[in-house]
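Undergrad: only geometry, no sequence info:
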């Protein structure tokens, strides 16, 4: 394993600690470089059968977990969501996708899973993602998304009506 710090071409490192992660689907290894003696973490996961994502326009592209992580990082930027939590959410989404779909998964399925997990993790990050995913065009689109989060009736706009 090549050291991310000194980039030693020999790639000599020793494993200090190994743990299961993501319900046993991933092995987390803490390593120490034999050259610079700095420590780093690697993740080892089983390579699954190729999974294709079916886009809205029926194009198919390879499932990439890194795209989920990038989306999570973007909408959680400057929010109190740790990098570890982002990785956990990505692991959960990937696991759920692979449990339900063997060869192809609609992008909509992934988007809805992402929204569900974000809603539980951080409501502001959820609204950020929803604004892109649901293609908000008007400020009212934000209000429509916020009302259920605030426990308001979608038909009640929160304004006082005329008195009796």
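TA: Everything's here; your move. Treat the numbers as computed from the prediction; the structure is a model and nothing was measured.
Undergrad: Check which helices and strands the longest helix belonging to the chain sits against.
TA: Longest helix in the chain, counting residues (DSSP state H): helix 83-100. In terms of contacts (3 or more C-beta pairs under 8 Å, 6 or more residues apart in numbering; DSSP states H and E), helix 83-100 is packed against helix 65-76, helix 107-121. All C-beta spots, glycine's among them, are computed from the backbone N, C-alpha and C.
Undergrad: Okay, angle between it and helix 107-121 too, please.
TA: 140 degrees (axes from the mean of the first three to the mean of the last three C-alpha atoms, to 10 degrees).
Undergrad: Skipping adjacent residues, who's closest to residue 71 in space?
TA: Nearest residue to residue 71, sequence neighbours excluded (C-beta to C-beta, 6 or more residues apart in numbering): residue 114, at 6.4 Å.
Undergrad: how close does the residue most central in space within the chain get to residue 107?
TA: Among the residues of the chain, the one closest to the centroid is residue 90, at 3.9 Å (C-alpha atoms, centre = their mean). Distance, residue 90 to residue 107, using C-beta to C-beta, to the nearest Å: 16 Å.
Undergrad: my read: the residue nearest to the centre of the chain touches residue 65, true?
TA: Yes. With contact defined as C-beta atoms under 8 Å, residue 90 reaches residue 65; the gap is 5.9 Å.
Undergrad: Could I get the helices and strands packed on helix 83-100 in CSV, plus columns for mean neighbour count and mean pLDDT?
TA: Formatted as CSV, those follow (neighbours: other C-beta atoms under 10 Å; pLDDT from 0 to 100):
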stretch, mean neighbour count, mean pLDDT
helix 65-76, 17, 96
helix 107-121, 17, 94
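Undergrad: Kindly reformat those helices as JSON lines and extend each row with distance to residue 36.
TA: Listed next are these as JSON lines, based on distance: least, C-beta to C-beta, whole Å:
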{"stretch": "helix 65-76", "distance to residue 36": "27"}
{"stretch": "helix 107-121", "distance to residue 36": "35"}
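Undergrad: Please identify which of those is closest to residue 18.
TA: helix 65-76 (20.9 Å; C-beta to C-beta).
Undergrad: List of residues touching the closest one?
TA: The contact list for helix 65-76 (C-beta atoms under 8 Å, 6 or more residues apart in numbering) reads 81, 86-87, 89-90, 93-94, 110, 114, 118, 121-122, 125-126, 128-129, 132.
Undergrad: Just the buried residues from those, in PyMOL please.
TA: PyMOL command restricting these to the buried ones, with burial defined by 16 or more other C-beta atoms under 10 Å:
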select buried, resi 81+86+87+89+90+93+94+110+114+118+121+122+125+126+128+129
